[in-house]
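> sharing a model prediction with you, sequence too.
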Amino acid sequence: MQVYLIRHSEPTYAQVNNANFTGFGRELGELTAHGIELAQQRAHDPLFQNVQLILTSPYTRALHTALEIVRFNNLPLKVELGLHEWLPDISGQRTDTDEEAAAAYATYQQNNGQRIADGGLPYESAVEVKNRVTNVLAQYAQQYDCIACVTHGEVMRQFGNHRDVDYCGVREITVN
């Protein structure tokens with residue numbers, strides 16, 4: 001199955017900052033006006049002529065990006081929990097602050113995506129991210145020839161040698 005991984009568009013966290021949200025509340029950040037424009041531009045990409053289904057992460061920035069794409073392409077959309085971004089805290093509690101999450105990510109990067117025992121927050125390893133997303137995508141491989149998946153930069157980095165992924169950037173992979 002051909003899969004187009006699409007990074008969500010440009011987010012803003014002004015609302016969640018004003019509401020003093022932490023942990024999973026941070027994932028409710030919306031798109032900027034420019035982010036909406038970027039998503040609308042991506043929606044006109046000819047790649048969607050072959051797409052049969054769009055999957056999306058449940059995080060607001062991905063959902064809004066997917067919404068803009070669906071509006072222009074009249075494609076079915078399905079939210080998949082397993083397409084979420086890398087987790088700085090896999091305990092399920094996720095009450096971390098921005099500073100703690102940034103420290104966990106720095107440790108994650110310093111250790112090439114491997115989790116270490118004394119790394120502060122129990123962050124998700126790169127292998128866990130890739131396995132989680134691969135398991136989600138594999139569920140669709142027998143039913144579809146081509147899907148698009150709106151997800152996150154760190155997720156996309158697990159499927160190729162991609163250092164930086166622009167907002168609404170696309171990477172193509174094959175899932176069997």
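Right, received. Where do you want to start?

> residue contacts, the residue lying closest to residue 164 once chain neighbours are set aside?
Nearest residue to residue 164 in three dimensions, chain neighbours excluded: residue 153, at 7.8 Å (C-beta to C-beta, 6 or more residues apart in numbering). C-beta: built from backbone N, CA, C; applies to glycine. By C-beta atoms under 8 Å, 6 or more residues apart in numbering, the contact list for residue 153 reads 7, 85, 164, 165.

> same question, residue 165
Contacts of residue 165 (C-beta under 8 Å, 6+ apart): 7, 153, 156, 157, 171.

> narrow these to those in strands?
Counted as lying in strands by DSSP state E, out of these, are 7, 171.

> who wins on neighbours among the contacts of residue 165?
Counting neighbours by other C-beta atoms under 10 Å, residue 7 leads the contacts of residue 165 with 26 neighbours.

> state the distance from that one to residue 151.
For residue 7, the distance to residue 151 equals 7 Å [C-beta to C-beta, to the nearest Å].

> settle this for me: residue 71 is touching residue 42, isn't it.
No: using C-beta atoms under 8 Å, residue 71 is not in contact with residue 42, being 11.8 Å away.
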